[in-house]
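1. build the 3D model from these lines:
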Amino acid sequence: MNNRNYNIYFHTHTVSGIVISVVLFVIFFAGSFSFFRDEIINWERNESTAISKEIQLDYNTTLNKLDKEYVLHGRNITISKPGNERRVAIYMEGTKDTLAPAKQKEGSFFYLDTKTFKTFTYEESYSLGEFLYRLHFLAQIPYPIGYYLSGFIALFFLFAIVTGVLLHWKKIVSNFYIFRPKEKLKTLWTDAHTALGMIGLPFQFVYAVTGAFFMIKLLIVAPAVMALYKGDQDKLYKELEYKDPDYKFDNKKLATPFNIDQLVAKAKNNWKDFEITRVFIQNYGDANMHVLVEGEMLSHKKFTGIGKVVYRIADGKEIAKKNPVTQNNYLDVVKNVLYRIHFGDYGGYPLKIVSFILGIITCFVIISGVMIWLVARQKNSLPEKKRRFNAAVVRIYLAICLSMYPITALAFIATKIFYPLTQDNLFLLYFGGWLILTVFFILKKNDDFTNKFCLISGSILGFLIPVSNGIVSGNWFWNSFMQNHIQVFFIDVFWIVLASISLYVAYSLKPKKAVL
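-> The predicted structure follows:
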């Protein structure tokens with residue numbers, strides 16, 4: 001590689017990496033915990049459910065209960081499952097009956113417990129698992145700023161990955177095996193950055209591409225809407241199969257009795273290893289009422305197997321059907337594969353654990369890259385003012401990034417002790433505590449102290465997480481295991497292991513004097 005190209009790649013890699021480093025660390029740290037979103041939610045609520053995407057619900061009882069409270073006639077109702085938890089999400093559009101009272105024309109969204117039939121608003125159902133999941137794409141920043149910011153960060157990260165590979169292309173194999181902890185500080189950070197960066201390269205590339213796609217796809221799609229569809233967004237969504245079929249509201253009461261549970265069971269029995277993930281009821285109680293039952297094949301049977309059946313209630317006929325085994329097209333594969341490889345929901349706990357480890361490795365790669373940048377700019381030849389400025393920049397970076405560990409552990413304890421912790425209080429605890437720790441470390445002006453304090457305090461709080469769960473719920477991790485509450489058991493043991501590792505690392509670290 002000639003010097004000109006090397007300098008272009010080097011500076012692109014360095015500038016893109018430094019600019020996005022803090023936000024990228026937040027995305028990957030919160031994203032690593034998001035692999036266990038459902039486990040965190042169930043741990044917080046002291047619930048456990050079968051690890052399955054299928055909706056387990058008594059539809060008839062649920063709809064009768066909701067009809068008494070909301071009057072369902074003429075509404076479109078969507079029932080879906082947000083994750084491996086007991087609650088299902090229910091969205092009801094306003095009635096299409098123009099003579100109905102104004103209240104019935106209002107839409108509603110809430111969660112429903114499939115065992116108790118108790119309903120919860122989004123705010124009432126908010127949890128730490130949801131918080132960390134949404135933090136990893138910056139959803140707490142007002143829409144659409146947070147979404148677009150996280151999307152462009154992912155795009156810049158892709159540039160950093162590609163230019164990093166081009167920089168190290170000739171020495172990828174040899175540098176992968178080199179680690180010299182006894183050499184000067186810059187060499188240590190460079191070796192760690194290169195070796196761990198190569199280990200996590202496929203993982204990082206996948207998440208850079210899929211993250212950018214999910215967050216800024218609207219900007220990608222917009223030109224196509226204008227050019228190919230003449231601004232008709234609905235037509236595009238229909239061709240992409242994001243819109244359900246629309247059936248006219250007849251405004252006549254349905255005379256035929258119906259049983260949604262039977263229809264769902266009938267749809268499920270069409271194919272072996274088929275799980276129902278969504279039920280869409282259109283024109284409830286109307287003569288032109290239709291029910292769409294949608295699901296997918298178990299991932300180990302067919303990686304992409306989306307199927308659906310549409311029933312006309314008036315005569316009970318099946319008017320449309322999509323076979324998940326034989327009728328999945330290129331579009332289905334693209335939509336489903338991108339989703340699955342991003343969420344890692346197809347390989348059970350082994351895949352989730354490996355993904356978490358690779359996510360934390362990526363966090364270390366980000367930190368080591370920042371430290372390389374600092375050490376390279378602390379030469380005696382540079383003016384004192386510039387060296388102090390560079391050190392201050394990195395001090396702020398480290399304070400923001402490293403303090404996420406103890407504040408996340410503290411949030412677990414608080415959500416268990418003060419359950420249910422409201423959304424506002426969770427925001428106040430997490431962001432307020434994060435800010436206090438960050439300011440404290442910046443004022444302390446000691447990077448070694450920041451590193452050790454965060455690791456040790458995070459470890460101590462991590463050990464207290466299963467203790468707090470045992471005291472508050474009486475559900476100690478050995479009891480959870482015996483009762484087959486695997487999700488609750490997993491989070492307790494996960495924190496014991498994580499805290500043990502971080503404590504060992506904290507006491508193994510020795511301050512290394514910079515050799516300039």
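
2. drop to CA atoms for contacts and neighbour counts, all remaining ones
-> Will do.

3. lowest-confidence helix or strand of the chain?
-> Among the helices and strands of the chain, helix 172-176 carries the lowest confidence by mean pLDDT, DSSP states H and E, at a mean of 60.

4. element containing E54?
-> E54 is part of no helix or strand, with elements assigned from DSSP states H and E.

5. before we move on, what SS does L112 have?
-> Taking DSSP: H, G, I helix; E, B strand; the rest coil as the rule, one finds L112 in the strand state.

6. could you say which helix or strand holds the closest residue to K308 other than its chain neighbours?
-> Nearest non-adjacent residue to K308, counting by Cα to Cα, 6 or more residues apart in numbering: E294, 4.2 Å away. Take DSSP H and E as the rule and E294 turns out to sit in strand 290-297.

7. how about Y397?
-> helix 384-402.

8. buried ones in that helix, by neighbour count?
-> The neighbour-count check on helix 384-402 (16 or more other Cα atoms under 10 Å) flags 387, 390-391, 394-402 as buried.

9. pLDDT weak spots in this structure?
-> Judged against pLDDT under 70, the low-scoring parts of the chain cover residues 1-17, 168-192, 221-222, 224-226, 231-233, 236, 239-241, 377, 510-516.

10. okay, which residue is most central for it?
-> In the chain, the residue lying closest to the centroid (Cα atoms, centre = their mean) is Y133, at 4.0 Å.

11. excluding its backbone neighbours, what's nearest it?
-> If the residues on either side of it in the chain are set aside, Y133 comes closest to S34, at 4.8 Å by Cα to Cα, 6+ apart.

12. dump the residue contacts of W476.
-> Taking Cα atoms under 8 Å, 6 or more residues apart in numbering as the criterion, W476 is in contact with 466-467, 469-470.

13. most neighbours, which of those?
-> Going through these with other Cα atoms under 10 Å as the criterion, the one with the most neighbours is P466, at 25 neighbours.

14. from N479, how far out is that residue?
-> Between P466 and N479 the distance is 12 Å, computed by Cα to Cα, to the nearest Å.

15. what does A376 give?
-> For A376, the distance to N479 under the criterion Cα to Cα works out to 52 Å.

16. neighbour count: these two, which is higher?
-> Relative neighbour count places N479 above the other of A376 and N479, with 14 against 11, counting by other Cα under 10 Å.

17. which residues touch whichever strand or helix holds that one?
-> Remark: N479 resides in helix 477-482, with elements defined by DSSP H and E. Contact with helix 477-482 is made by 466, 470, 486, 488-489, 492-493, as judged by Cα under 8 Å, 6+ apart.

18. would you map the helices across the stretch 351-500 of the chain?
-> Remark: helices of the stretch 351-500 of the chain, listed N- to C-terminal, are 384-402, 404-417, 423-444, 447-473, 477-482, 486-508; assignment by DSSP state H, counting those that start in this stretch.

19. which one in this structure is furthest away from the centre?
-> Going by Cα atoms, centre = their mean, the residue of the chain most distant from its centre is S381, 45.3 Å out.

20. and the spatially closest residue to S355 that is not a sequence neighbour, what does it touch?
-> Spatially, and ignoring its direct neighbours in sequence, S355 is nearest to S32 (7.1 Å; Cα to Cα, 6+ apart). The contact partners of S32, taken as Cα under 8 Å, 6+ apart, are 355-357, 359-360.

21. any quick ChimeraX command for the buried ones out of those residues?
-> For anyone working in ChimeraX, the buried entries among the contacts of S32, judged by 16+ other Cα under 10 Å, can be selected with:
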select :355,356,359,360
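
22. out of the contacts of S32, which is nearest to I161?
-> Top of the list for closeness to I161, among these and by Cα to Cα, is G359 at 14.7 Å.

23. and the closest residue to the closest one other than its chain neighbours, what element?
-> Ranked by Cα to Cα, 6+ apart and with sequence neighbours excluded, the top spatial neighbour of G359 is S32, at 5.2 Å. Using DSSP H and E, S32 falls within helix 3-34.

24. what packs against the helix or strand just after that helix?
-> Stepping forward along the backbone from helix 3-34, the first helix or strand reached (DSSP H and E) is helix 37-45. Here helix 37-45 touches helix 128-135, helix 404-417, helix 486-508, going by 3 or more Cα pairs under 8 Å, 6 or more residues apart in numbering; DSSP states H and E.

25. output the second one as PDB, restricted to C-alpha atoms.
-> Below are the C-alpha coordinates for helix 404-417, written out as PDB (Å, rounded to 0.1, in the frame of the first residue of the first chain):
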ATOM      1  CA  MET A 404     -22.100   2.700  32.800                       C
ATOM      2  CA  TYR A 405     -21.100  -0.500  34.500                       C
ATOM      3  CA  PRO A 406     -21.800   0.400  38.100                       C
ATOM      4  CA  ILE A 407     -24.800   2.500  37.300                       C
ATOM      5  CA  THR A 408     -26.300  -0.400  35.300                       C
ATOM      6  CA  ALA A 409     -25.700  -2.800  38.300                       C
ATOM      7  CA  LEU A 410     -27.300  -0.200  40.600                       C
ATOM      8  CA  ALA A 411     -30.300   0.000  38.400                       C
ATOM      9  CA  PHE A 412     -30.900  -3.700  38.600                       C
ATOM     10  CA  ILE A 413     -30.900  -3.500  42.400                       C
ATOM     11  CA  ALA A 414     -33.200  -0.500  42.500                       C
ATOM     12  CA  THR A 415     -35.800  -2.000  40.100                       C
ATOM     13  CA  LYS A 416     -36.000  -5.100  42.200                       C
ATOM     14  CA  ILE A 417     -36.200  -3.300  45.600                       C
END
